[in-house]
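Asker: Return atomic coordinates for the entry below.
(2 chains)
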Amino acid sequence: MGAHFGYLFAAYSIIFVAMFLYVMFIWRRQAALDAELRTLEARVAALTEHSAAGRPPEPRSGA
Amino acid sequence: MNNPTIRNWLGFSTLALMLASLFMVFDYVPPDAEMGIAQLIFYFHVPLAWVAFASFGLVAIAGIFYLWLGDQLWDDLGYAAAETGMVFCTLMIVAGSIWAKPIWGTWWTWDSRLTMTFILWLMYGGYLMLRASADDTPQVARFGAVIGIVAAMDVPIVIVSVRLWRTIHPAVLVTKQGTHGLEDPRMVWTLLVSLTAFTLLWAWLLMLRFTQLRTRSRMAWLAGRIALATAAASDPK
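Answerer: Next up is the predicted model:
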């Protein structure tokens, strides 16, 4: 196709690989957020349960 | 912005237009008579520049609203726009550099437009480093807003730099004679499709990151409330 096809191919490849990596980065952040959300939900559930029982909640462990 | 239907629609539209754009670049548009096949990089380089500049403009607008209203929403929007803008700006510089090697014979030169673009990249790099290294406090958000506004002032300078100073960077879209340099209508159509594809891609990525940052802010707020409630419930009085 031409003497500079390597440059053209490199430019387009880098752009698409970088976009793919950025989407993967967003995806991983989303997974971390989901895990954090589950922890929060568990804490809310524990708090609600202990409030209803009229006793203080146990101190949380880990994150 | 947190609407899965719109997000999915944007995602599929982006994919379809990107494929159409690739087809047009590699099979439809004729390469430039002087530059040859390397000129085809232009059809992604220009849209990358457009979305990078639009992102940085949005950072400035969000920064102004954050400083004015103090609403966390504007800080999250500015942060998301700065991050996506940085991705597109980096790719724009890389694509331009790859184009420059066969055309100018060098990967980089300290031309006025390139230098101003590099300064823009450095400033938003500083913004992201600040956000990544410091806690999410209102003070850091205010510093970020100010940096985002000041850095965005470089965007119009980058755009007009080819007219203000002597430069070897081509002025294709609007030449120094005031006309556009795309002599073939197929070139115009290919550029328009690429511009639309990258604008949709930008909107999609921005929406994803903004939604994440909003969720993170709300979770931080909720975690604070839970900690307070737990402390109050544990208090023996």
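Asker: Contact residues of chain B facing chain A?
Answerer: With the criterion set to C-beta under 8 Å from any C-beta of the partner chain, chain B comes near chain A through B:22, B:25, B:31, B:36-38, B:40-41, B:44-45, B:48, B:87, B:90-91, B:94-95, B:98-99, B:101-102, B:201, B:205, B:208-209, B:212, B:215-216, B:219, B:222-223, B:226, B:229-230, B:233-234. Bear in mind the C-beta positions are built from the backbone N, C-alpha and C, glycine included.
Asker: List only buried entries from the residues you listed.
Answerer: By neighbour count, with 16 or more other C-beta atoms under 10 Å in any protein chain shown, the residues of chain B next to chain A hold B:22, B:25, B:31, B:36-38, B:40-41, B:44-45, B:48, B:87, B:90-91, B:94-95, B:98-99, B:102, B:201, B:205, B:208-209, B:212, B:215-216, B:226, B:229-230 as buried.
Asker: Now, those that are in strands?
Answerer: Using DSSP state E, no member of those falls within strands.
Asker: Just confirm yes or no for the helix or strand hosting A:F16 near chain B.
Answerer: Using DSSP states H and E, A:F16 sits within helix A:5-53. Yes: Helix A:5-53 reaches chain B (C-beta under 8 Å from any C-beta) through A:5, A:7-8, A:10-12, A:14-15, A:18-19, A:22-23, A:26, A:29-30, A:33, A:36-37, A:40, A:43-44, A:47, A:50-51.
Asker: any idea how far B:G148 is from chain A?
Answerer: Plainly put, B:G148 is 20 Å away from chain A if you go by C-beta to the nearest C-beta, to the nearest Å.
Asker: Can you list the helices and strands that the host helix or strand of that residue packs against?
Answerer: Element membership of B:G148 [criterion: DSSP H and E] is helix B:138-152. Identification of packing neighbours for helix B:138-152 by 3 or more C-beta pairs under 8 Å, 6 or more residues apart in numbering or on different chains; DSSP states H and E yields helix B:42-69, helix B:72-104, helix B:112-133.
Asker: Just put those helices in a markdown table and tack on mean pLDDT and distance to B:A197.
Answerer: Formatted as a markdown table, the helices and strands packed on helix B:138-152 follow (pLDDT from 0 to 100; distance: least, C-beta to C-beta, whole Å):
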| stretch | mean pLDDT | distance to B:A197 |
| --- | --- | --- |
| helix B:42-69 | 96 | 7 |
| helix B:72-104 | 95 | 13 |
| helix B:112-133 | 94 | 22 |
